[in-house]
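Novice: need coordinates for the below:
(2 chains)
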Amino acid sequence: ETGVTQSPTHLIKTRGQQVTLRCSSQSGHNTVSWYQQALGQGPQFIFQYYREEENGRGNFPPRFSGLQFPNYSSELNVNALELDDSALYLCASSLRTSDEQFFGPGTRLTVL
Amino acid sequence: ELKVEQNPLFLSMQEGKNYTIYCNYSTTSDRLYWYRQDPGKSLESLFVLLSNGAVKQEGRLMASLDTKARLSTLHITAAVHDLSATYFCAVEPSNTGNQFYFGTGTSLTVIP
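Specialist: Numbering: from 1, shown residues only, chains lettered A, B, ... in the order given. Presented below is the predicted three-dimensional model:
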């Protein structure tokens, strides 16, 4: 059984740029959630995708957007990057929309 | 505004000692999760608590849930150095069913 994978591991961007982060869910999981974890804080829910549709969103602006593909992998897109977007971005997959979530290794994004 | 508060935020304890980490939350929920995070790493699932009065134990860690008091505890028995990490609780509110709200985290250091 393959766990949750994310790419890239690290990323450096400058303010105003756009970034795409990728996540492959654990085998058999149809739900993917994205979280932002700033340094020294707990993860904050960005949004969740279930069967290719957004299924809940946290308190993040529209420049944070996502996609889920038929194979249940997912992308997180962030436009017009700001310095405060620097964080660890975690992807988590689960069997259903309300179930234990298994986290990937994360993508460390640095915005300069 | 939903709040998930953990205390203490920082905990330094000697090997062999016992201690309890508390997680208080401000919403209705029957589901609470505990995760462990090592520095620079992702989140590792420790416990899934799905009902009032649930108690789970794994090794030197035991977690419990009191939904009426909106309180979960993570008890550490006879701490060892390998338990040094940051511990997060996460609440899944009943009215959302899919969004995890994480606590502030408790950074545990076990001193040999």
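Novice: does residue B:85 touch residue B:34 like I think?
Specialist: No. Here residue B:85 lies out of contact with residue B:34, judged by CB atoms under 8 Å, at a distance of 11.4 Å. (Each C-beta comes from the backbone N, C-alpha and C, glycine too.)
Novice: which of the two has more residues huddled nearby?
Specialist: Remark: of residue B:85 and residue B:34, residue B:34 carries more neighbours, 25 against 20, as counted by other CB atoms under 10 Å in any protein chain shown.
Novice: secondary structure element holding residue B:86?
Specialist: strand B:85-92 (DSSP states H and E).
Novice: so what strands line up beside that strand?
Specialist: Strand B:85-92 has its sheet partners listed here by DSSP bridges as strand B:31-37 (antiparallel), strand B:101-102 (antiparallel), strand B:106-111 (antiparallel).
Novice: contacts only, for the closest residue to chain B within chain A.
Specialist: Using CB to the nearest CB, the single residue of chain A nearest to chain B is residue A:42, 3.4 Å away. When contacts are counted by CB atoms under 8 Å, 6 or more residues apart in numbering or on different chains, residue A:42 touches B:4, B:88, B:90, B:102, B:103, B:104, B:105.
Novice: can you do 7 Å?
Specialist: B:88, B:102, B:103, B:104, B:105 (CB atoms under 7 Å, 6 or more residues apart in numbering or on different chains).
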